[in-house]
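Participant: Sequence plus predicted model, see below.
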Amino acid sequence: MKLLILGGGHCQLNAILKAKNQGHSLIISDYYEDAPGKSFCDYKELISTFDVDGNIEIGKKYSIDGILTLGTDQPVYTASKVQEALNLPFLIDAKTAKAVTNKKIMKTIFKDTFIPTTKFTFIKRDFEDKDIANLKFPVVIKPLDSQGQRGIYKLNSIKEVRNNIDKTLSYSRENEILIEEYYENDEITVSGWVEENKVYVLTVTDRVTYNNYPLIGICTAHNFPSKHLFSNCNEIMDITCKLVQSFNIHNGPIYFQMLVGKEGIKVNEIACRIGGAYEDIFIPYLTGIDILDMLIKSSLGITLDLSNIKKYNILDNNRKLSVQLLFAKPGKIKAIELFGEETFGDSPEISSLFTLTNPLPGVKKIQLNIKKNDEIGEIINATQRIGYMIVEGSSNKELKKNLYSAFDNFKIIDSLENNLLINFHNYM
């Protein structure tokens, strides 16, 4: 069958390889000529994943049987519009897709359906002080239609808001932004699947973040299970089900971000996609439920076997796992030393598909998006991520030990023999 995948980046790479191995004919649309996924597809198109009309024309050109995206927010709306225009199988309709990819619509639905969230409003570049008089500082400003922590700032005064609003708007196609009260919290993510309105929660993780004022919220790890899962399970499940109902999410993957603080759980934002922290890889490993396979099949109109997901209970899952999202200090890479071996030549394909030849205990998978002689820049948002590492342990103590061991044996070396790899020590 012919499948159009929106995006050929590292977050889509596993889906591209899986669909290809299943025998599907793949078309990749991505506005980067050198997107890594384009090396493995049958047809590649140089077009933005945001371009609705352009992707409709691609769908017509190849007579596609289905379309999907994952790991990225805005193309979810593009996919829904292509599905609608070409009468393809769909999981959510375009109205729902718009609501979960535009924070103005999203936050308004939260408010109208009494879903707990932070106090907020929307402002334009020429806003007046009175427009945000009902908000307490510090506040957070965000673009309405972006992701990856682009344009998100924690600010302490109206002056700081005025000084940063243009930067936030530069990441948006809208002429206004979201401004909301900052809520001191631990962040959790809920990943699952909806089938004919029934919700199946697969994982609840602690989303660990890096804050470099005024930048906040850059994710550095996902730890399973969340330390809040068992004490807050009923509330998490109730809010998840209410979100699914309020946004008319009838089928498909869900990825909900929640904030756990002194005033209880508040919803940060939601998405109808597989998450961008390689949930397509670690959820099947953790749960035995191949959520990526489910997405591919559903997008092509293939009936799913739900027997495994119907039997799964998150509270019975006693595994311990951490996904480390890797970042590095600025500099030029001279060498990469991984677990006692110097690896990687000059081929980006080798580095993108690197598999361990000499693994350490608990290290299940590692992928790097960098190679020798690459220049690494400052951390501004999630796009500076250089790869990921999945580590497991039989207990929290063993997991922590395995993580320390992995970082102790992993170096990204510059010309001065400095190790550029950042260890955030974001262990459970």
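Facilitator: Nice, thanks for sending it over. Numbers count the residues shown, from 1 in each chain.
Participant: Show the subsequent helix or strand relative to whatever helix or strand residue 217 lives in.
Facilitator: Secondary structure assigned from DSSP states H and E places residue 217 in strand 215-224. Downstream of strand 215-224, the first helix or strand assigned by DSSP H and E is helix 233-246.
Participant: distance between that following helix and the chain's centre?
Facilitator: On the basis of Cα atoms, centre = their mean, to the nearest Å, helix 233-246 sits 20 Å off its chain's mean C-alpha point.
Participant: what's that helix packed up against?
Facilitator: strand 186-195, strand 198-212, strand 252-261, strand 264-271 (3 or more Cβ pairs under 8 Å, 6 or more residues apart in numbering; DSSP states H and E). (C-beta placed from N, C-alpha, C; glycine too.)
Participant: export those to a markdown table and tack on mean neighbour count and distance to residue 373?
Facilitator: Formatted as a markdown table, those follow (neighbours: other Cβ atoms under 10 Å; distance: least, Cβ to Cβ, whole Å):
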| stretch | mean neighbour count | distance to residue 373 |
| --- | --- | --- |
| strand 186-195 | 22 | 35 |
| strand 198-212 | 19 | 26 |
| strand 252-261 | 22 | 35 |
| strand 264-271 | 19 | 35 |
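Participant: Of all the ones you listed, which one is nearest residue 167?
Facilitator: Of all those, strand 198-212 sits nearest to residue 167, with 14.6 Å by Cβ to Cβ.
Participant: Paired strands for the closest one, with orientation please.
Facilitator: Its sheet considered, strand 198-212 pairs with strand 186-195 (antiparallel), strand 215-224 (antiparallel) by DSSP bridges.
Participant: Could you point out which of these sits nearest residue 169?
Facilitator: The nearest among the strands paired with strand 198-212, by Cβ to Cβ, is strand 215-224 at 16.4 Å.
Participant: Residues contacting the closest one, please?
Facilitator: 140, 149, 152-154, 187, 189, 203-212, 277, 282, 286, 319-325, 327, 379-382, 424, 426-428 (Cβ atoms under 8 Å, 6 or more residues apart in numbering).
Participant: I'd like the helices and strands packed on helix 233-246 written out as JSON lines, with distance to residue 129 and mean pLDDT added.
Facilitator: Below are the helices and strands packed on helix 233-246 laid out as JSON lines (distance: least, Cβ to Cβ, whole Å; pLDDT from 0 to 100):
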{"stretch": "strand 186-195", "distance to residue 129": "30", "mean pLDDT": "98"}
{"stretch": "strand 198-212", "distance to residue 129": "26", "mean pLDDT": "95"}
{"stretch": "strand 252-261", "distance to residue 129": "27", "mean pLDDT": "98"}
{"stretch": "strand 264-271", "distance to residue 129": "26", "mean pLDDT": "98"}
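Participant: just for the protein, where's the confidence low?
Facilitator: Applying pLDDT under 70 to the chain picks out residues 340-359, 426-428.
Participant: center of it, which residue is that?
Facilitator: Nearest to the geometric centre of the chain sits residue 276, at 2.2 Å (Cα atoms, centre = their mean).
Participant: ok, now how distant is that one from residue 417?
Facilitator: For residue 276, the distance to residue 417 (Cβ to Cβ, to the nearest Å) stands at 33 Å.
Participant: tell me the phi and psi of the residue sitting furthest away from the middle of the chain?
Facilitator: Outermost residue of the chain with respect to the C-alpha centroid, by Cα atoms, centre = their mean, is residue 130; its distance is 35.1 Å. Per-residue torsions, residue 130: phi -70, psi -20 (degrees, to the nearest 10).
Participant: Save the strands paired with strand 198-212 as JSON lines, and put in distance to residue 29 too.
Facilitator: Listed next are the strands paired with strand 198-212 as JSON lines, based on distance: least, Cβ to Cβ, whole Å:
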{"stretch": "strand 186-195", "distance to residue 29": "25"}
{"stretch": "strand 215-224", "distance to residue 29": "26"}
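Participant: Show me the one of these that comes nearest residue 95.
Facilitator: strand 186-195 (15.9 Å).
Participant: For residue 48, find the nearest of the helices and strands packed on helix 233-246.
Facilitator: Short answer: strand 264-271, nearest of the helices and strands packed on helix 233-246 by Cβ to Cβ, at 19.0 Å.
Participant: Show me what the closest one is in contact with.
Facilitator: Contacts of strand 264-271 (Cβ under 8 Å, 6+ apart): 73, 76, 100-101, 103, 106, 110, 115-118, 183, 185, 187, 232, 235-236, 239, 243, 247, 254-259.
Participant: Ok, which of the helices and strands packed on helix 233-246 comes nearest residue 21?
Facilitator: strand 252-261 (20.1 Å).
Participant: how far is stretch 396-408 from where the chain is centred?
Facilitator: On Cα atoms, centre = their mean, the centre of stretch 396-408 falls 24 Å from that of its chain.
Participant: Please identify the helix or strand for residue 296.
Facilitator: Residue 296 belongs to helix 291-299, assigned by DSSP H and E.
Participant: I appreciate the help and will end here.
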